[in-house]
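>>> Just to be clear, the model below is a prediction. Sequence and coordinates:
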Amino acid sequence: MVASEIIQYGKIAIKNLKNRSLRSWLTILGILIGVFLIISLLSLSEGLKETISKQLRSLGSEMIFIMPGDISNPLTMFMGGAKLESEDLEIIKKTEGVEKVLSMSYQSIVARYEQEGKTIFLAGLPLEEGKELLERYQGWSLAQGRWPNTARREVIIGQQLVKDIFKKELKVDSEIILKGTKFKIVGILNSLGSKTDDSFIYMDMNLYQEITGEKRGTAQTAIVKVQDGSDVNKTAQRIKENLQKTRKKTAGGESLDFSVITSERMSGIAGNIMAIIQLIVMVFASIAILVGGIGIMNTMFTSVRERTREIGIMKAVGAKNSSILMIFLIEAGIIGLVGGFGGTILGIILAKFIESYGQVHPIFYFKASLSPGLILFGFIFSFLIGCLSGYFPAKRAANLKPVEALRRYE
């Protein structure tokens, strides 16, 4: 089949679609919705996956995170109220391969600034001994001001707190009231990469435990810096085994839940979660595509019935079965392709809109991942769905006998 014949069949197909424009556009809408879901949601989920992986890589391959609770059940980690006791932290420090341990606790409190009260996150860390670890391995740096003097009531704040929480802008050397106690803001951090981290007020652990009433020596999280040359995974396993031994003794033989996580494992967990999300997205989008495909098939079967006499005339004057088949396949393919084009464009627009909104009001500072492959997939996939949905109606049209077709609509 030469190109000129295909062009001619294409012109006939487009003419037929124009004659049934309302029905054609309604059918196109079904494909458009499915492709729109695939392009927008896949691009956003892939972008979020890349952002999370980037955030986890920035934590450093030499870091280990220990927290009470089972990582397979996040509710026990973040809502269970369990803490690492001072005995746990001592065991971690004494584990072979551990260079430094940085403890951290956090909770939400009501803060007052210029007569305005807001609920914010407060975190306590041993700033004096942990400053080097935070700067070198966690990427902390000051945009303004200085680090707090741990002997005074001084705090540093995240970027989101500067303008987005209180009506009046928080500034260096201004005062904020936490738990009824005045604190001086002496520094503002550069962005730590997420809205949550940038919304914290950070203070020395001793001050934190003093104003919150948290038991001295305890912590909600321990961040471990592994010694140079030590294997991170082996060190993590040693920490886990040592904690299990100690906790079984203190719990009367019953092991308490806790999680020892490396940045590599966190990245793997995040990747698995995002893969499940993407699978769910594909399932729902595929259902929408399937409905659109059924719509195309229904439209094409209706078209065959309406044009039976026309098909009979075409075959009577010498049109081959393959020519009839090709005309109807091209019609179905055009419906799929137009729907795919519209769905891809709308999906890109939505993904970019959410990306731009995320730059202003971010949870993560992520970008939508719009690869050429994903866009090409939207076009090709929709065209193939159109052709496959139109195959059986086209086959039926091609197999009509000219005499029967003409007699049926005399």
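Perfect, I can see it now.
>>> residue closest to the middle of the chain?
The structure's the chain has its C-alpha centroid closest to Leu48; by Cα atoms, centre = their mean the separation is 3.4 Å.
>>> okay but that one is in contact with Val281, surely?
No. In this structure Leu48 lies outside contact range of Val281 using Cβ atoms under 8 Å: 11.5 Å. C-beta here means a position set from N, CA and C on the backbone, and glycine is covered the same way.
>>> Then Met104 would be within a helix, right?
No. Applying DSSP: H, G, I helix; E, B strand; the rest coil, one finds Met104 to be strand, outside a helix.
>>> Please name the nearest non-neighbouring residue to it.
Of all residues not flanking Met104 in the chain, Thr221 sits nearest, at 4.6 Å (Cβ to Cβ, 6 or more residues apart in numbering).
>>> Looks like that neighbour contacts Met63 (just checking).
No. Counting by Cβ under 8 Å, Thr221 does not reach Met63; the two are 11.7 Å apart.
>>> what comes up buried for stretch 232-244?
Neighbour counts over stretch 232-244 (16 or more other Cβ atoms under 10 Å) mark Val232, Thr235, Ala236, Arg238, Ile239, Lys240, Asn242, Leu243 as buried.
>>> ditto for stretch 23-42
Buried residues in stretch 23-42, counted by 16+ other Cβ under 10 Å: 23-24, 27-28, 30-42.
>>> And for stretch 114-125?
Ile120, Phe121, Leu122, Ala123, Gly124, Leu125.
>>> got the contact list for the spatially closest residue to the last one that is not a sequence neighbour?
Nearest residue to Leu125, sequence neighbours excluded (Cβ to Cβ, 6+ apart): Met104, at 5.1 Å. In this structure, Met104 makes contact with Ala123, Gly124, Leu125, Met205, Ala219, Gln220, Thr221, Ala222, Ile223, judged by Cβ atoms under 8 Å, 6 or more residues apart in numbering.
>>> Strands along the stretch 251-400 of the chain, start to end?
For the stretch 251-400 of the chain, strands defined by DSSP state E, counting those that start in this stretch occupy the ranges 258-262.
>>> Could you chop the protein up by domain?
3-56+267-408, 83-256 (automatic domain parsing).
>>> List just the one of those domains that sits closest to Met67.
Nearest to Met67 among those is domain 83-256 (4.7 Å), distances taken as Cβ to Cβ.
>>> Could you double-check that Glu175 sits in contact with Val186?
No. Glu175 lies out of contact with Val186 (Cβ under 8 Å); the separation is 10.8 Å.
>>> what bits of the stretch 251-400 of the chain have low per-residue confidence?
251-257, 263-271, 306-307, 358-366 (pLDDT under 70).
>>> May I ask you to name the longest helix in this structure?
When the chain is parsed with DSSP state H, its longest helix is helix 263-306.
>>> The protein: helices as residue ranges?
With DSSP H as the criterion, the chain has helices at 3-19, 21-58, 74-78, 86-94, 127-137, 159-163, 195-198, 205-212, 232-250, 263-306, 308-316, 321-360, 372-399, 402-408.
>>> Looking at these, which is nearest to Ile109?
Ile109 sits nearest to helix 205-212 of all the helices of the chain, at 7.5 Å, using Cβ to Cβ.
>>> quick revisit: out of Glu175 and Val186, which sits in the busier spot?
Val186 (20 against 12; other Cβ atoms under 10 Å).
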